[in-house]
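**Q** Whatever this is, show me its structure:
(chains A and B)
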Amino acid sequence: MSRSGELKNRGGNDKLQRRIFIAVMLAWPLLYFAVFGLYLQFETILYSFQRWNYVAGYQEWVGLDNYRLAIKNMIGGSYWRTGMTNTLIFIPVNYVLIALSLFIAVVLNRNFPFARFYRIVYFFPTILSIVILTMVYQFSLHPTNGIVNGVLGHLGLESWQRSWLGERQTALPAVIFYCIWAGIGYYNVMFTGALQRIPSEYFEVGQIEGITFWKEMTSIVIPTIWPTISTFIILGTSGAFLVYLQPLLLTNGGPNHSSTTTSLEMLTSVLGPGDYGTAATYGVIFAVLAAVVTLIVKRLVELVDTAEL
Amino acid sequence: MELVQGKPAGKRFSIRTWVLQLFFFGYALTLIYPFIWMLINSLKTNPGFYKNVWALPSSWEWSNYVNAWQEAHIGQFFFNSLWMTVIGTITTILSAAMPAYIMAKYKFKGSTSLYNLAIVSLLIPPIGTLAPWYLLMRDLGLFNQWGVMLGYTVGIGFNMIILQSFFRGISWEYAEAAFMDGAGHFRVFFSIMLPLAKPGLIAVGTVTMIAIWNDYLYPFILLQDPKSYTIGVGLAYLVEKQKYASDFTTLFAAMWIALMPVLIVYAFMQEKLINGFTVGGIKG
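**A** Numbers count the residues shown, from 1 in each chain, chains lettered A, B, ... in the order given. So this is what the prediction gives:
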């Protein structure tokens, strides 16, 4: 009796304490979101209508000038256009990366000899600093002392030797190859995790019926782990718009902007000349473009049904 | 029946298995050999390196490591990275665990919108807001190590989504028992719920720890005083410098020093680490 009375008395106080607790717990995350989420988005839109005048020392409103110039640059032959094309190239590159990783994960999941060793080695780039990875890659492709040209020399293929990251024709392919080389491990581990959650009877039934690798892939693997695959397809699409560290560290976007991306050009225009208006304009254009492309891809992958486990 | 069918299938796959084995091994080799090549060359003298980049060192030059540690300041960068990673991991996990716990266990008006906020913030490319972010950080005087660590404490994001599923799996009865004993909400969170969510915190924590140790963008932009460089920025700076100084052997030694902690952690807790990464995929 007295106990329920006590609880009732505490009721009002409890509610207040509960509210205080929720408020304290959410204070920092909400403040962070308000400043670095909302406020910065809002400022980006404002910046895209402004230009920084360093001679006069103030920023001025220029209406749609930034947008006009940006569109002109993207249609014309400037490096912004190369950046945009390259950024869009990274969308299919990410899909190839996902497909390749899935293939490797499925093979390793089928009692492949040395599967454990491969899994451990392949995962390795995921936990390494991008600085170290790009450095190793750069030295492997070094024109005179690198491993790749060295191996080509031993094989008598001297005519194939080149400065891989320093020539216009090979710089972007070399950056793309890097992204695949260094990216497989992460997706591989993710897909392995998803594959291990498929009940093993599924595979056993298939093996008794003697189905081929491709049949197993299309009728068991892909339908059952489709949620994981589709998530990575969506993330891979939006992730293509975020490729900048790889070209920054490998080629610095060069030679002559041939391996640049839009994000990298935004970064350089902020860090270099302090061209905040231009960077913000491309930021807005690319946020919209990324959102539209990602949403379309999201709709498309959602059309595919997932098998019920 | 099974045996009869099993055998020809095994034979049919054998050539394919060999070809695959070759490819798989080749890829593994491209991931291992360059590191070994650098290890070997980090032990040569500079003239020795230029004479033959393929040979084993004629004398083992451990002095390259001393040089890297002291003269190239890798030692200083190493300790900067170390304390920033320790503090950064704790604050980052805490900032995500707080909203995750509220989301999982406290229902109130608008509590579900936290999830939507997290999804939205995951889909918007953060690089777009770089220009105002740069000026904001400058105006707040955060072009330093504190600014870098501040950037990690996102709270509402990926870590929150993963941690809330761990909190959801913990029975609320523990909390009710503690409330009966007169414990407050904060006590329950810090001394009951956080310890119970330990597996989740460890999974998210290891991934966060490695991400912070390896982070490049924030330190690259925000750290302008060479004394405050992290090991990643310091290494990238050394790479730039070596393009003119051509002291590659010291650079390779520096790279191996940066690599060691991750390698050691990986050697001892492979399973935990890989699990930590997969946990994120489960919910994805």
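**Q** Mind telling me which residue of the stretch 151-284 of chain B is nearest chain A?
**A** B:Gly155 (2.9 Å; Cβ to the nearest Cβ). Quick note: C-beta positions are derived from backbone N, CA and C, even for glycine.
**Q** secondary structure class for the residue lying closest to A:Val35 once chain neighbours are set aside?
**A** Nearest non-adjacent residue to A:Val35, counting by Cβ to Cβ, 6 or more residues apart in numbering or on different chains: B:Leu136, 7.8 Å away. Following DSSP: H, G, I helix; E, B strand; the rest coil, B:Leu136 is assigned to helix.
**Q** Double-check the residue of the stretch 151-284 of chain B closest to chain A against B:Met98; I have them as touching.
**A** Yes - using Cβ atoms under 8 Å, B:Gly155 is in contact with B:Met98, at 7.0 Å.
**Q** And those two? Which one has more around it.
**A** Higher neighbour count among B:Gly155 and B:Met98: B:Gly155, with 29 against 21, using other Cβ atoms under 10 Å in any protein chain shown.
**Q** In contact with that one: list those residues for me.
**A** By Cβ atoms under 8 Å, 6 or more residues apart in numbering or on different chains, the contact set of B:Gly155 is A:Trp28, A:Pro29, A:Leu30, A:Tyr32, A:Phe33, B:Ser95, B:Ala96, B:Met98, B:Pro99.
**Q** can you tell me how far it sits from B:Pro99?
**A** 6 Å (Cβ to Cβ, to the nearest Å).
**Q** Now do the shared contacts for these two.
**A** The contact sets of B:Gly155 and B:Pro99 overlap at A:Pro29 (Cβ under 8 Å, 6+ apart).
**Q** Would you map out the domains in chain A?
**A** Domain assignment for chain A by automatic domain parsing gives A:2-47, A:65-302.
**Q** Could you identify which of these is most buried?
**A** Of all the domains of chain A, domain A:65-302 carries the top mean neighbour count, a mean of 18, counting by mean count of other Cβ atoms under 10 Å in any protein chain shown.
**Q** Now do the end-to-end distance for it.
**A** With Cα to Cα, to the nearest Å as the measure, domain A:65-302 spans 39 Å from end to end.
**Q** Quick one: distance of that domain to the chain centre.
**A** Averaging C-alpha positions (Cα atoms, centre = their mean, to the nearest Å) puts domain A:65-302 7 Å from its chain's average.
**Q** So for that domain, mean pLDDT?
**A** Domain A:65-302 shows a mean pLDDT of 86.
**Q** Cross the contacts of B:Gly155 against helices and list the overlap.
**A** Counted as lying in helices by DSSP state H, out of those, are A:Trp28, A:Pro29, A:Leu30, A:Tyr32, B:Ser95, B:Ala96, B:Met98, B:Pro99.
**Q** Now for the last one, how many residues are close by?
**A** Think B:Pro99. When neighbours are defined as other Cβ under 10 Å, B:Pro99 has 29 of them.
**Q** give the contact list for it.
**A** B:Pro99 makes contacts with A:Met25, A:Leu26, A:Pro29, B:Leu114, B:Gly155, B:Ile156, B:Met160, B:Gln164, as judged by Cβ under 8 Å, 6+ apart.
**Q** what about 6 Å?
**A** Residues in contact with B:Pro99, defined by Cβ atoms under 6 Å, 6 or more residues apart in numbering or on different chains, are A:Leu26, A:Pro29, B:Leu114, B:Gly155, B:Ile156, B:Met160.
**Q** excluding its backbone neighbours, what's nearest it?
**A** Leaving out its chain neighbours, the residue that sits closest to B:Pro99 by Cβ to Cβ, 6+ apart is A:Pro29, at 4.5 Å.
**Q** Contacts only, for that neighbour.
**A** Applying Cβ under 6 Å, 6+ apart to A:Pro29 gives the contacts B:Pro99, B:Gly155, B:Ile156.
**Q** And it, how far from B:Val154?
**A** Separation of A:Pro29 from B:Val154 (Cβ to Cβ): 8 Å.
**Q** Tell me, how many residues neighbour B:Pro266?
**A** To be clear, residue B:266 is Tyr; Pro isn't right here. Neighbours of B:Tyr266 (other Cβ under 10 Å): 18.
**Q** What number of neighbouring residues does B:Phe108 come out with?
**A** Number of residues near B:Phe108 (other Cβ under 10 Å) recorded here: 10.
**Q** So it versus A:Phe21, what's the distance?
**A** To A:Phe21, B:Phe108 is 11 Å away according to Cβ to Cβ.
**Q** and if you look at A:Trp214?
**A** Separation of A:Trp214 from A:Phe21 (Cβ to Cβ) stands at 55 Å.
**Q** ok, now A:Gly37?
**A** Separation of A:Gly37 from A:Phe21 (Cβ to Cβ): 24 Å.
**Q** Can you give me the buried ones in stretch B:184-201?
**A** Neighbour counts using 16 or more other Cβ atoms under 10 Å in any protein chain shown place B:His185, B:Val188, B:Phe189, B:Ile192, B:Met193, B:Leu194, B:Leu196, B:Ala197, B:Gly200, B:Leu201 of stretch B:184-201 among the buried residues.
**Q** Just say helix, strand or coil for the closest residue to A:Leu172 other than its chain neighbours.
**A** For A:Leu172, ignoring the flanking residues on the chain, the nearest one in space by Cβ to Cβ, 6+ apart is A:Ser259 at 4.4 Å. The local conformation at A:Ser259, judged by three-state DSSP, is coil.
**Q** can you give me the end-to-end distance of stretch A:141-150?
**A** Note: stretch A:141-150 ends 9 Å apart using Cα to Cα.
**Q** and the residue lying closest to B:Leu135 once chain neighbours are set aside, what are its phi and psi?
**A** Among residues not flanking B:Leu135 along the chain, A:Tyr276 sits closest, at 6.7 Å (Cβ to Cβ, 6+ apart). Main-chain torsions, A:Tyr276, degrees, to the nearest 10: phi -70, psi -40.
**Q** Can you give me the distance of A:Tyr276 to B:Asp139?
**A** A:Tyr276 sits 13 Å away from B:Asp139, going by Cβ to Cβ.
**Q** cool, A:Pro227 as well?
**A** A:Pro227 sits 43 Å away from B:Asp139, going by Cβ to Cβ.
**Q** Could you tell me which residues within stretch B:111-131 count as buried?
**A** By neighbour count with 16+ other Cβ under 10 Å, stretch B:111-131 contains the buried residues B:111, B:114, B:117-118, B:121, B:123-131.
**Q** again but with stretch B:30-47, I slipped
**A** For stretch B:30-47, the neighbour count (16+ other Cβ under 10 Å) marks B:Leu31, B:Pro34, B:Phe35, B:Trp37, B:Met38, B:Ile40, B:Asn41, B:Ser42, B:Leu43, B:Lys44, B:Asn46 as buried.
**Q** Leaving out chain neighbours, which residue sits closest to the fourth one?
**A** If you skip the residues right next to it in sequence, B:Trp37 has A:Ile147 as its closest partner in space, 6.2 Å away by Cβ to Cβ, 6+ apart.
**Q** That neighbour touches A:Ser140, doesn't it?
**A** Yes - if you go by Cβ atoms under 6 Å, A:Ile147 and A:Ser140 touch, sitting 4.5 Å apart.
**Q** closest to chain A among the buried residues of stretch B:30-47?
**A** Nearest to chain A out of the buried residues of stretch B:30-47 is B:Pro34 (Cβ to the nearest Cβ; 4.5 Å).
**Q** In contact with the closest one, which residues are there?
**A** By Cβ under 6 Å, 6+ apart, the contact set of B:Pro34 is A:Val136, A:Ser140.
**Q** Shouldn't B:Ile264 be within a helix?
**A** Yes - assignment of B:Ile264 by three-state DSSP places it within a helix.
**Q** And the contacts of stretch A:61-75?
**A** Outside stretch A:61-75, the residues that reach it (Cβ under 6 Å, 6+ apart) are A:Ser48, A:Phe49, A:Gln50, A:Arg51, A:Trp80, A:Arg81, A:Met84, A:Gly277, A:Thr281, A:Tyr282.
**Q** With that, I have no additional questions.
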